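Visitor: Make a model of this:
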Amino acid sequence: MSAPTTPDPPAVPPTRAMPPAYLDLAERVNNWGRWGADDEIGTLNLITDAVVRTAAAAVRTGRRVPLALPLRQDGVQSGTIPGRVNPLHTMVQINQRLFGPDTVATSDDTVTMGLQAATHWDALPHASHSGLLYNGRPADTITAHEGARFSSIATAAHIVSRGVLLDVAAAKALSQLPADHAVTPEDLDGAEEFGGVAVGAGDIVLVRTGQIQVYLAGDRNAYAYPSPGLSVRTPEWFHARDVAAVANDTLTFEIFPPEIENLWLPVHALDLVEMGMPQGQNWNLEELSTACGETGRYAFLLSATPEPFAGATGSPVAPVAVL
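Guide: Reported below is the predicted structural model:
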C-alpha cells in the first residue's frame with residue numbers, strides 16, 4: 001500500500017499526560033518513523049506480497065466463513081456512545097420505471113449509520129492521546145470539514161492476509177470468557193498452543209472471547225458492559241510478533257471497565273496511536289470457531305478490506321475467512 005506525502009511529524013513530541021506505567025509500554029511498542037515520516041498505514045506495511053502468497057496457500061477446502069454481523073436498526077449500538085447509531089435503512093425508490101412505462105424497473109436504498117456501528121475496523125486516527133495521533137501527527141489535523149487528513153480508513157486500501165484465530169475461550173474449555181476477564185499474553189500463548197499455530201509477521205489475529213454470544217442472544221446492553229477484552233499487556237505481544245491487525249468479538253475491544261482504574265481505553269491508544277495497528281470490533285467468530293475446531297486448522301486466508309470512506313476514522317467491513 002502506498003501513502004501520499006505528508007509533513008514530517010514533530011521532532012520532539014510534546015509531553016504526554018499519561019501514567020508512567022503506560023508510558024513505559026508505549027515506548028516499547030512505538031512504531032513512529034519505522035516506515036518513514038510520511039507513513040500513514042502503520043503495521044499494514046507488514047502485509048507484503050510474500051505474506052499474501054503464504055496466506056493464499058492456507059486455503060485447503062475453499063470453505064468460506066462470514067464474520068460480520070448484519071447491519072440492522074436493532075444492532076449492537078445502544079445509544080451509550082453519542083452519534084454512534086445503528087443503521088437506518090430507507091427505500092428511496094421501489095420498482096420505478098425511470099425511462100418509460102415499458103422499461104426495466106429499479107429499486108434503490110439509502111442508509112444512515114455510524115461507521116463503527118457493527119462489525120468494523122478502527123482506523124489509526126480513531127484514537128489520540130496527549131494531542132497526538134500515530135506517527136506523531138497533531139490530533140487537530142482531524143477537522144469537521146475534512147475528517148481525518150492522515151491515516152483515514154481510506155488509506156487501508158486492501159487488507160488481505162493470513163488470518164489466525166486465537167480462540168482464548170475454547171483454549172480454556174469455555175463457551176465464553178467471564179465478563180471480568182482481561183485477556184493476557186499468557187492467554188494468547190495458550191490459544192496458540194491450543195490451535196497448533198504460530199502467529200507471524202503480517203498476520204491478522206482474531207481473538208475470540210465468546211462475548212458476541214450475549215448480543216446474539218438478544219441482550220445488547222449486557223454485551224457492551226461489563227465485557228472481557230484485551231489487557232493493556234497484549235500490545236507488546238502483538239508488537240513482538242509484527243502482527244498487522246487485530247480484531248475480536250466485543251464492543252469495546254479491550255477489557256471494560258478498564259483494568260487500571262480511571263485509565264480508559266489504554267489499549268486503543270497503544271494499538272492505534274503508538275503502534276499504528278488497526279483494530280476491529282464486533283466480529284462474529286462463532287462459526288469460525290466451529291469450523292477451525294472441525295478442521296483442526298486455525299490459520300486461513302482472510303479478506304477484510306474496509307469501505308474506503310475518505311477522511312473516516314473507521315469503517316464497516318464484511319470479513320470472510322477462507323479455509
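Visitor: for the stretch 1-150 of the chain, what spans make up the helices?
Guide: Ranges of helices in the stretch 1-150 of the chain, per DSSP state H, counting those that start in this stretch, are 20-29, 49-56.
Visitor: Least reliable of those by average pLDDT, please.
Guide: When these are ranked by mean pLDDT, helix 20-29 comes last with a mean of 89.
Visitor: helices and strands around that one, which ones?
Guide: Helix 20-29 sits against helix 234-240, with contacts defined as 3 or more C-beta pairs under 8 Å, 6 or more residues apart in numbering; DSSP states H and E. All C-beta spots, glycine's among them, are computed from the backbone N, C-alpha and C.
Visitor: next helix or strand past the helix it packs on?
Guide: strand 245-248 (DSSP states H and E).
Visitor: what bits of the chain have low per-residue confidence?
Guide: 1-17 (pLDDT under 70).
Visitor: Try it again at 80.
Guide: 1-19, 21, 261-262 (pLDDT under 80).
Visitor: Residue 274 should be in a helix, yeah?
Guide: Yes: the assignment for residue 274 by DSSP: H, G, I helix; E, B strand; the rest coil puts it in a helix.
Visitor: check contacts around it.
Guide: Each residue near residue 274 by C-beta atoms under 8 Å, 6 or more residues apart in numbering is listed here: 26, 29, 30, 31, 32, 134, 235.
Visitor: Tally up the residues packed near the fifth one, please.
Guide: It refers to residue 32. With neighbours defined by other C-beta atoms under 10 Å, the count for residue 32 comes to 20.
Visitor: okay if I get the helices of the stretch 1-150 of the chain as TSV plus mean neighbour count and distance to residue 141?
Guide: Output for the helices of the stretch 1-150 of the chain, formatted as TSV (neighbours: other C-beta atoms under 10 Å; distance: least, C-beta to C-beta, whole Å):
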stretch	mean neighbour count	distance to residue 141
helix 20-29	14	20
helix 49-56	14	30
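Visitor: gap between the nearest residue to residue 169 once chain neighbours are set aside and residue 177?
Guide: Distance criterion C-beta to C-beta, 6 or more residues apart in numbering; nearest residue to residue 169, sequence neighbours excluded, is residue 210 at 4.1 Å. Computed as C-beta to C-beta, to the nearest Å, the residue 210 to residue 177 distance reads 6 Å.
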